[in-house]
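Enquirer: With the sequence up front, the predicted model follows.
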Amino acid sequence: MELTGKAVSQGIVLGKVLRYTPFVPQLNTAPLSPDDVPGALSAYETALARTRDELDTLEARVAKDDPDKAKIMAAHRDILEDPAMDEEIRQLISEELISPDAAAAQVYDTYAAVLEKSRNAMMRERASDLKDVKGRFLRCWAGVPERSLSSLPGPSIIVADDLYPSDTVSLDRENVLGIVTQVGGATSHTAIIARSYEIPAVLGVPGAMDALRDGQEIVLDAVEGKLLTDPTPAEVSAYTSKADRFAQQRAETRQFLDAEPTTRDGSRLEVRLNVAAAADAELAGAGYADGCGLFRTEFLYLNGDHLPNEEEQYQAYTKVLKAFDDKPVILRTMDIGGDKQLPLLELEKESNPFLGIRGLRLSLARMELFRTQLRAALRASVHGRLQIMFPMVGGLEDIRKAKAVLAQEGAALEEMGIPWDRDIQVGVMIEVPSIALIADLVVDEVDFASVGTNDLTQYLCAADRMNQAVKSYYQEYHPAVFRALGYLAKAFSAAGKSVSVCGELGGDPLAIPVLAGLGIHKLSMGLASIPGAKRVIRNLDMAEAKALAAQVQTMKTDEEIRACLTDFSQRHETDRRN
Ligand code: PEP
Ligand code: MG
């Protein structure tokens, strides 16, 4: 059987399926009969013991390599054994006849809600610990073993409906051979992480969970966007040769990793690195880039069982700034919401999360989180060349509010005698059409801008970047995208300020010549895209790039532009070989 989807991170692998479904508790809401109470109490105790055993085992396992995590496990055991909560749960079971799982959920939620309202940041963080313990208890109650992608039983191709950022950030990279999901497209967070770890991934494969069995052998062709089940020996051998050819091409392109991104006629473009997980493997790319064009800080929040406190953020930002030495690092404040949901924040469920409280909107609504992040960033700024950028900005009001908060936090640090870099540049992401259309006004408010083409495309085309049903409407090469880019480049260059592209288009070998031709000379991309981008740039002539950009600006459809860019790329490939 052959299934198809979108190849979002290239590679070809053969391996066994591991279907992954995160646990979602189903609470038992039916009341107990009085006769059931003794049995319910004893079932409660069994689940408690199981949860305690799990925490003990985890603590023992991580104690040596990760003592901080071991401490968290111990703290979670204390929560589980908290006498007041235990007493209340037992009372709900015996007096209110509530089933133990629902009783535990109710008590944990009540305590977490109180902690969340606390003025003390430490207490608020305890609320997320409580939710974590609640989740563990409810899973143990249901008798479901812990499933985590951070430690897999062996090399596997993960098949899931969707993956949360917390799943992808903590992936067991040794053992994840490939990723297949039913939802998600090229610009989803899963795709971004898969590319940055160079894990072959095919997303948007409807029905994959039902069609595939655990342990089933499949070929994942994440070049063509296909997967083939139970391949015959002949198919295996054909795919093995294809995989070898792919590996050879990749090795050839990789030679450009270290090259200067200078065009044939001597224009020096900038190739910057997008950083997601701030993992060592990713930061190792710093040496091949002209800085970090996008540090997606939300992954710090999404990866883990508690919200990162100021100190943890300060450490993470310092690590990234130091990795880039004296090169600029654009720290994007947390972009949570949309496809990057954060269960720890317990946000209101929105029917249109991509049009909801997302990015800077969320930061301004949860001021304490925003202030903590800005303080951590400002404190870290003395360790490198920090720039701060706000995501999901729709109007000047939000830019002004965000800048005012930043100034207040700077002044507060100053009062405390804590040093920070006064020359920090402040910029915005251009993702929302309303801000793109007033670029001439935006230039007066910011030092720079970076175009998030992933979102800009989604909002221009009104096509959810995660929704397979509208994938033909999400057009990366829609003429509106290039018109917007042309307009932005003009407005920013007229003001003597820079505009870069940090969405996936910035690392797309087909699009790079047009971007350069439009006057966008700063491109930011994941590590895996850098060699291919440099290869294209070194083969480019600026006069040709400008002519191509002018031609694209006259084109009418995504299809027409794609064909034109493919043709341009093929002609230049041939030139290079001659
Ligand atoms: C974008 O929207 O292009 C972007 C870079 O941000 P993200 O993909 O993280 O939403
Ligand atoms: Mg975005």
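Expert: Here it is on my side, so go on. Ligands and ions are numbered 1, 2, ... in the order given.
Enquirer: Quick one: mean pLDDT over the strand or helix carrying A49.
Expert: Using DSSP states H and E, A49 sits in helix 37-62. Averaging pLDDT along helix 37-62 gives 91.
Enquirer: Next secondary structure after it?
Expert: Trace forward from helix 37-62 with DSSP H and E and the next one is helix 67-80.
Enquirer: what helices or strands is that following helix leaning on?
Expert: Packing partners of helix 67-80 (3 or more C-beta pairs under 8 Å, 6 or more residues apart in numbering; DSSP states H and E): helix 37-62, helix 121-141. Using the backbone N, CA and C atoms, a C-beta is placed for each residue, glycine as well.
Enquirer: ok, and what's touching the very next helix or strand once past the last one?
Expert: When you say that, I think you mean helix 121-141. Downstream of helix 121-141, the first helix or strand assigned by DSSP H and E is strand 156-160. Strand 156-160 has contacts (C-beta atoms under 8 Å, 6 or more residues apart in numbering) with 13, 15-21, 149, 167, 175-182, 208-209, 212, 218, 220.
Enquirer: Relative to strand 156-160, what are the paired strands and their orientations?
Expert: When pairing is defined by DSSP bridges, strand 156-160 lines up against strand 12-20 (parallel), strand 176-181 (parallel).
Enquirer: Going by neighbour count, list what's buried in it.
Expert: Within strand 156-160, the residues that qualify as buried by neighbour count (16 or more other C-beta atoms under 10 Å) are S156, I157, I158, V159, A160.
Enquirer: and of these, the nearest to M122?
Expert: A160 (34.5 Å; C-beta to C-beta).
Enquirer: how near is the closest one to ligand 2?
Expert: For A160, the distance to ligand 2 (C-beta to the ion, to the nearest Å) stands at 22 Å.
Enquirer: Give me the neighbour count for the closest residue to ligand 1 within the stretch 51-200 of the chain.
Expert: Of all residues in the stretch 51-200 of the chain, T187 sits closest to ligand 1, at 5.6 Å by C-beta to the nearest ligand atom. If you count neighbours by other C-beta atoms under 10 Å, T187 ends up with 22.
Enquirer: count of neighbours near R268?
Expert: 11.
Enquirer: and it, what does it touch?
Expert: E260, P261, T262.
Enquirer: before we move on, what about V107?
Expert: M85, E88, I89, L92.
Enquirer: That one belongs to a helix, doesn't it?
Expert: Yes. With DSSP: H, G, I helix; E, B strand; the rest coil as the criterion, V107 is part of a helix.
Enquirer: So for it, what's the pLDDT?
Expert: 95.
Enquirer: next one: S166
Expert: S166 carries a pLDDT score of 64 in this model.
Enquirer: S170 now?
Expert: pLDDT recorded at S170 is 68.
Enquirer: same check, this time on the one 5 residues further on
Expert: You'll see N175 listed with a pLDDT of 91.
Enquirer: Could you find the closest non-adjacent residue to it?
Expert: Once flanking residues are discounted, N175 sits nearest to L152: 4.1 Å by C-beta to C-beta, 6 or more residues apart in numbering.
Enquirer: Would you mind measuring from that neighbour to L27?
Expert: 29 Å (C-beta to C-beta, to the nearest Å).
Enquirer: what do you get for K322?
Expert: Applying C-beta to C-beta to K322 and L27 gives a distance of 47 Å.
Enquirer: Strands along the stretch 451-578 of the chain, start to end?
Expert: Under the criterion DSSP state E, counting those that start in this stretch, the stretch 451-578 of the chain contains strands at 498-501, 522-525.
Enquirer: OK, contacts around the residue nearest to S381 when sequence neighbours are not counted?
Expert: Excluding its sequence neighbours, the residue lying closest to S381 (C-beta to C-beta, 6+ apart) is D421, at 3.9 Å. Residues in contact with D421 (C-beta under 8 Å, 6+ apart) are L378, S381, V382, R385, L386.
Enquirer: and G395, how many residues sit next to it?
Expert: G395: 13 surrounding residues under other C-beta under 10 Å.
Enquirer: and what of K71?
Expert: As a burial measure, K71 scores 13 neighbours (other C-beta under 10 Å).
Enquirer: Do you know the pLDDT at it?
Expert: Confidence score, pLDDT, at K71: 82.
Enquirer: cool, the one 5 residues further on as well?
Expert: What the model reports as pLDDT for H76 is 87.
Enquirer: Where does G293 sit, in terms of helix or strand?
Expert: strand 292-296.
Enquirer: average pLDDT for that strand?
Expert: Strand 292-296 comes out at a mean pLDDT of 97.
Enquirer: hmm, the following helix or strand past that strand touching ligand 1?
Expert: Next helix or strand after strand 292-296 toward the C-terminus (DSSP H and E): helix 298-302. No. Helix 298-302 does not reach ligand 1 (C-beta under 6 Å from any ligand atom); its nearest approach is 7.7 Å.
Enquirer: Now do helix 298-302: distance to the chain's middle.
Expert: Offset of helix 298-302 from its chain centre (C-alpha atoms, centre = their mean, to the nearest Å): 8 Å.
Enquirer: tell me what it is packed against?
Expert: Counting contacts by 3+ C-beta pairs under 8 Å, 6+ apart, helix 298-302 packs against helix 165-169, helix 310-323.
Enquirer: is it fair to say L227 lies in a strand?
Expert: Yes. The assignment for L227 by three-state DSSP puts it in a strand.
Enquirer: list the contacts for it?
Expert: Contacts of L227 (C-beta under 8 Å, 6+ apart): E2, L3, T4, G5, V180, V202, V205, A208, I218, V219, L220, D221.
Enquirer: Show me what it is bridged to.
Expert: In this structure, L227 bridges to L3, L220 when assessed by DSSP bridges.
Enquirer: Could you measure from it over to ligand 1?
Expert: As judged by C-beta to the nearest ligand atom, to the nearest Å, L227 and ligand 1 stand 25 Å apart.
Enquirer: Mind pulling the model confidence for that residue?
Expert: Confidence score, pLDDT, at L227: 95.
Enquirer: quick check, distance from stretch 491-503 to the centre of its chain.
Expert: On C-alpha atoms, centre = their mean, the centre of stretch 491-503 falls 24 Å from the chain's centre.
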